[in-house]
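**Q** I'd like to go over a predicted model; first the sequence, then the structure.
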Amino acid sequence: AVKKESVLRHLTLIENETKRCGEIVKGLLDFSRKEQEDFESKHVHKVLYETFELMTHPIKIANISFQTDFKAKSDVIFCSPNQIKQACIAIIVNASEAVLENGEIIISTTNPDNETIRIDITDNGIGIPEDDMPHIFEPFFSTKQDTSGIGLGLAIVHGIVKSHNGRIDVKSELGKGTTMSITLPLITT
């Protein structure tokens, strides 16, 4: 009887995890469809919180500390929420691949001035070599030795940020970590 209970418990766990994976995939597919016409006024913090929720589980499984620190007072922008999510997830995935033990990733926001909001995604990973810096937004450029993960990640991020009239800045120190900053114009009333 004990064995049967154990098997049932495991089956329930598998079922729940499978459903959850399905939800994540559905979430990822939802915003991978290019929607230029779905720009709307949106609170960035709400979009970032949804991104955080979507990524919490995979990041925790990788044994990485994942936190938010939203300090921006104004956060309403004209955007495609799904594209902003897509851009942030691409950066978070990169960050998660760059961290080693005691890894941490922090999403924070500030208002550098009255007209913009800045989203910082910071990791304490291996950093980006100076020679690679000028190339990280090029399609198919990869810093990984084993280029199986080669792709469009940061090139897509760059495109999304540009289409939102924003800019992206990167600060990185070898062995210390990287901060990717996306600055976007606020809707000022």
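**A** That came in fine, so what should we check first?
**Q** surely residue 100 meets residue 175?
**A** No. No contact is recorded between residue 100 and residue 175 when judged using CB atoms under 8 Å, the distance being 9.8 Å. C-beta: built from backbone N, CA, C; applies to glycine.
**Q** quick check: neighbours shared by the two?
**A** Both residue 100 and residue 175 are contacted by residue 126, under the criterion CB atoms under 8 Å, 6 or more residues apart in numbering.
**Q** after the longest helix anywhere in the chain, which helix or strand is next?
**A** In the chain, ranked by residue count with DSSP state H as the criterion, the top helix is helix 2-32. On the C-terminal side of helix 2-32, the closest following helix or strand by DSSP states H and E is strand 40-43.
**Q** check which residues of the helix or strand that that following strand is followed by are buried.
**A** If you walk from strand 40-43 toward the C-terminus, the next helix or strand you reach (DSSP H and E) is helix 44-61. Neighbour-count burial for helix 44-61, with 16 or more other CB atoms under 10 Å as criterion, is recorded at 44-45, 47-48, 50-52, 54-55, 58-59.
**Q** just curious, which of the residues you listed is nearest to residue 65?
**A** Proximity to residue 65 was ranked across the buried residues of helix 44-61 by CB to CB; first place goes to residue 59, at 8.5 Å.
**Q** kindly state the pLDDT recorded for that closest one?
**A** Taken from the predicted model, the pLDDT recorded for residue 59 is 93.
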